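In: one predicted model, sequence on top.
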Amino acid sequence: MKTVQLISLTLLSVLAASAQVILPGKCPRPDVQEDFDAARYLGTWYGIQKLPDVFQKGECSTATYSLRSPGVVGVLNRELLANGTINAITGSAKAKDPSEPAKLEVSFFESTPPAPYRVLSTDYDGYALVYSCTDYGLFHVDFAWIMSRQPSMLGQTIDYLHSILASAGVSVDKLLITNQDTTFCRAMVQ
Ligand SMILES: *[C@@H]1O[C@H](CO)[C@@H](O)[C@H](O)[C@H]1NC(C)=O
């Protein structure tokens with residue numbers, strides 16, 4: 001028990017230093033997209049809003065998904081850093097249980113455990129809402145991303161996705177807006 005507490009505290013200070021969202025209790029388990037179709041989800045998405053995370057600190061973020069092999073989705077995340085360089089990381093995502101296709105696990109580095117990646121809601125050609133949460137003993141840390149096929153999103157769609165997050169107990173007030181201004185983001189065009 002002492003060790004668990006110590007690990008929790010250590011993790012807590014590491015996570016607190018990186019300004020992630022840390023909350024007491026266990027991860028919420030919101031409903032996911034019914035009959036999720038990964039094939040229709042492939043292609044590029046623009047980051048519109050997200051909870052703060054350590055991995056991506058830039059603006060103009062995009063996520064591009066491709067079919068790597070049957071059941072395995074390749075992930076390419078790109079963003080523009082403050083110093084003008086483009087940061088790109090690649091990974092792969094896979095459903096742990098094929099009968100629950102919206103509950104994916106994504107891994108970026110072989111040394112770190114895969115992180116949950118749950119598609120809570122998507123219409124495939126407009127919006128996507130992704131949620132990830134990990135339990136750390138007495139606390140949990142969560143991430144959420146609101147993504148769009150366009151560099152912008154209608155206010156009513158954003159409101160709809162916020163309502164899904166709010167009913168799952170996710171801190172909607174902590175969401176950060178990603179700059180997707182086309183002039184500001186012109187360096188991202190491949
Ligand atoms: C830009 O910032 C990133 C992250 O801080 C760093 O890794 C990279 O070397 C920097 N590039 C330049 C050209 O300064």
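Out: Structure received.
In: ok, residue 67 to the ligand distance?
Out: 30 Å (CB to the nearest ligand atom, to the nearest Å). Using the backbone N, CA and C atoms, a C-beta is placed for each residue, glycine as well.
In: and the helix or strand that residue falls within, which strands flank it?
Out: Per DSSP states H and E: residue 67 is located in strand 59-69. Sheet pairing of strand 59-69 (DSSP bridges) gives strand 43-50 (antiparallel), strand 72-80 (antiparallel).
In: okay, and the helix or strand of this structure with the least pLDDT?
Out: helix 2-17 (a mean of 52; mean pLDDT, DSSP states H and E).
In: need the next SSE after it, C-terminal direction.
Out: With DSSP H and E, the next secondary element past helix 2-17 is strand 21-24.
In: which residues outside whichever helix or strand comes after that following strand are in contact with it?
Out: The C-terminal neighbour of strand 21-24 among helices and strands, as given by DSSP H and E, is helix 38-41. The contact list for helix 38-41 (CB atoms under 8 Å, 6 or more residues apart in numbering) reads 65, 67, 73, 95, 101, 119, 122, 124-125, 128.
In: try it again at 6 Å.
Out: For helix 38-41, the external contacting residues (CB atoms under 6 Å, 6 or more residues apart in numbering) are residue 124.
In: the ligand: which of the strands paired with strand 59-69 is closest?
Out: For the strands paired with strand 59-69, the distance to the ligand is smallest for strand 72-80, at 10.4 Å, taking CB to the nearest ligand atom.
In: alpha carbons of the closest one, in PDB - could you do that?
Out: The C-alpha coordinates for strand 72-80 follow below in PDB (Å, rounded to 0.1, in the frame of the first residue of the first chain):
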ATOM      1  CA  VAL A  72      -4.100  -2.300 -37.500                       C
ATOM      2  CA  VAL A  73      -4.400   1.500 -38.100                       C
ATOM      3  CA  GLY A  74      -1.200   3.500 -38.700                       C
ATOM      4  CA  VAL A  75      -1.200   6.900 -36.900                       C
ATOM      5  CA  LEU A  76       0.700  10.000 -38.000                       C
ATOM      6  CA  ASN A  77       0.400  13.000 -35.700                       C
ATOM      7  CA  ARG A  78       1.800  16.300 -36.900                       C
ATOM      8  CA  GLU A  79       1.900  19.800 -35.200                       C
ATOM      9  CA  LEU A  80       3.700  23.100 -35.600                       C
END
